[in-house]
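Asker: here is a sequence together with a model predicted from it:
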Amino acid sequence: MAEKRTVDTVKKALEAAKERGFRESVEIAINLKDVDLSVPKNRIDEEFSLPKGRGKTIRVCVFASGELAMKARPIADLVIQPQEIEEYAGNKAKARSLAQDFDFFVAEAPLMPTIGKRLGVVLGPRGKMPRPVPPTSDPTSLINAMRKTVRVRSKDRRTFHAPIGTRDMTVEDLAENLDFLMRRVIGKLERGRFNIRSAYVKTTMGPAVKYL
């Protein structure tokens, strides 16, 4: 169960935001302090599986052949065979569309060098390089976990955002996701809570409500 303060903050953020004609995300904006983000090891670049899910459809693409491709088809949103990789690599617009349309990628481990060489320029900067898995593995549990996963990346910026769900989720579920995500982020910082200057909760287009 989330802390009362977290529940209250989420509730205020939802109440302060006007109703929109689309399903807004709810996010946390975190402002860091006393962290040298020019040093890559100090940056936040993590994936966290939210306990209450994302509240929206998360699309997963799998690069695979043979047995892995057969296992992935019923659960993945798209399966790309090895011979199809070149179709994307040879068409920049198609490659960019692939990177934009899918949230996470999984790949049969032996295909990773080819994917890195041919599609790394598109997937890498977006933090979407595939998660490698053995050719004989069952990707079902990994893909199901990815549908609840958020990627939190500070890059070299002191202020960064991370989604905690969507507006149509309950206040309690959003608060539980927020508590979980903040604990994980704080755990990744060298001085923990002392490296956070402030944090705000907001919907996509709503006003920011102070959390920390």
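Answerer: Noted; the coordinates are in hand.
Asker: what's the next secondary structure element after the lengthiest helix in the chain?
Answerer: In the chain, taking DSSP state H as the definition, the longest helix is helix 171-188. Using DSSP states H and E, the helix or strand that follows helix 171-188 in sequence is strand 196-203.
Asker: note down every partner strand of that following strand and its orientation.
Answerer: Take DSSP bridges as the rule and strand 196-203 pairs in its sheet with strand 25-32 (antiparallel), strand 209-210 (antiparallel).
Asker: and these: which comes nearest L142?
Answerer: Of all those, the one in closest proximity to L142, counting by C-beta to C-beta, is strand 25-32 (23.6 Å). Every residue, glycine included, has its C-beta placed from N, CA and C.
Asker: centre of the chain to the closest one, how far?
Answerer: Distance, stretch centre to chain centre, for strand 25-32: 13 Å (C-alpha atoms, centre = their mean, to the nearest Å).
Asker: so for it, what gets flagged as buried?
Answerer: 25-28, 30, 32 (16 or more other C-beta atoms under 10 Å).
Asker: tilt between the longest helix of the chain and strand 25-32?
Answerer: Angle, helix 171-188 to strand 25-32, by axes from the mean of the first three to the mean of the last three C-alpha atoms, to 10 degrees: 30 degrees.
Asker: mind listing what's buried along helix 171-188?
Answerer: Neighbour-count burial for helix 171-188 [16+ other C-beta under 10 Å]: 171, 173-182, 184-186, 188.
Asker: with these in mind, which one is nearest to T114?
Answerer: Using C-beta to C-beta, K188 comes nearest to T114 of these, at 31.5 Å.
Asker: isn't that closest one right next to N42, touching?
Answerer: No - at 9.7 Å, K188 does not count as touching N42 under the criterion of C-beta atoms under 8 Å.
Asker: circling back to that earlier point, and the longest helix of the chain, how far from the chain's centre?
Answerer: Relative to its chain's centre, helix 171-188 lies at 14 Å (C-alpha atoms, centre = their mean).
Asker: same check on stretch 97-106?
Answerer: 11 Å.
Asker: contacts for that stretch?
Answerer: For stretch 97-106, the external contacting residues (C-beta atoms under 8 Å, 6 or more residues apart in numbering) are 58-64, 72, 76-78, 88, 119, 122-123, 126, 128-133, 139, 142-143, 146, 149.
Asker: what is the end-to-end distance of that stretch?
Answerer: Across stretch 97-106, the terminal residues are separated by 17 Å (C-alpha to C-alpha, to the nearest Å).
Asker: in that stretch, what counts as buried?
Answerer: 98-99, 102-106.
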